[in-house]
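Novice: Give me a model of this one.
(one chain, ligands or ions: 1)
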Amino acid sequence: MEENQEREIVAMPRIGDKAPAFTAKTTQGEIKFPDDYKGHWTILFSHPADFTPVCTSEFMTFGKMAGQFEEANCKLIGLSVDGLYSHIAWLRTIKEKIEFKGMKNIEIKFPLIDDVSMNVASKFGMIQPGEAATQAVRAVFYIDPRGIIRTIIYYPLSIGRNFDELYRVLIALKTTDEFACAAPADWRPGDEVIVPPAGSCGMAEQRMSKSDPDVTCHDWFFCTRKLDKDEVLKKVLKK
Ligand code: BEZ
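Specialist: Just a heads-up that it's a prediction; the model follows:
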């Protein structure tokens, strides 16, 4: 696209919005979103093209970790603007031929959407013409069991996503919901969480007393509380 050419303004879904509904043809049959995904977290992610190296490394990694996401009650849905036969041939090649960083024989069991029409990609703002007009960028949408978009992450075409981070964000979203807290930088299960300072408004049942030995206030606006790793995992896995 020319530098000074006016770009089309598209309404892109944002964090807090209801995720757009869609019906799509996939490698696992037709899916209806959100109807088929009620009661689950969903990660809907796009990639630019089948039979490309970065995307292949990403699919192998997601395929390897799929059980972890499943255990956290999260369903995965992939998407690119390639057709179904391309998807099937690519996933078969990945399973039968590709070995990368110790991963091999990786079978992708989650659905991969045929979005040749760009119908779903357009609804989710995955086509970003400044980066590529005919391919989806690497977008990741986290959608909660109520169908609300809770996190959106974009990567450019040239950089593969960090799947440990994608998993960390899912667990952090579920933890902050379950325990009515916030997660500080680089939070992982077992680390302290952020809680409202004693005497502040909101989340009354979570208000911490100054005498609570599990709470540390670093200043009046910044209090953290110990939260046991097992307690977190017990709550957020399989729910
Ligand atoms: C890749 O997955 O390797 C790729 C796809 C589109 C553009 C650049 C890289």
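
Novice: Next, count neighbours for Leu227.
Specialist: As a burial measure, Leu227 scores 21 neighbours (other Cβ atoms under 10 Å). C-betas here are computed from N, CA, C, even on glycine.

Novice: Next, find the distance separating it from Thr23.
Specialist: 40 Å (Cβ to Cβ, to the nearest Å).

Novice: per-residue confidence at Ser211?
Specialist: According to the prediction, Ser211 has pLDDT 74.

Novice: Would it be right to say that it lies in a helix?
Specialist: No: looking at Ser211 with DSSP: H, G, I helix; E, B strand; the rest coil, it is coil, so not inside a helix.

Novice: where does the spatially most distant residue from the centre of the chain sit relative to the ligand, distance-wise?
Specialist: Residue farthest from the centre of the chain, counting by Cα atoms, centre = their mean, is Ser211 at 37.8 Å. Applying Cβ to the nearest ligand atom, to the nearest Å, the value for Ser211 to the ligand is 55 Å.

Novice: Who are the contact partners of that residue?
Specialist: Applying Cβ atoms under 8 Å, 6 or more residues apart in numbering to Ser211 gives no contacts.

Novice: all helices for the chain, in order.
Specialist: 53-71, 84-97, 119-123, 163-179, 229-236 (DSSP state H).

Novice: now the first one against helix 229-236, angle please.
Specialist: What separates the directions of helix 53-71 and helix 229-236 is an angle of 90 degrees, with axes from the mean of the first three to the mean of the last three Cα atoms, to 10 degrees.

Novice: So which elements touch helix 53-71?
Specialist: strand 74-80, helix 84-97, strand 99-100, strand 103-104, helix 163-179 (3 or more Cβ pairs under 8 Å, 6 or more residues apart in numbering; DSSP states H and E).

Novice: need those in TSV with distance to the ligand and mean pLDDT, can you?
Specialist: Formatted as TSV, the helices and strands packed on helix 53-71 follow (distance: least, Cβ to the nearest ligand atom, whole Å; pLDDT from 0 to 100):
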stretch	distance to the ligand	mean pLDDT
strand 74-80	9	98
helix 84-97	11	98
strand 99-100	12	98
strand 103-104	16	98
helix 163-179	15	98
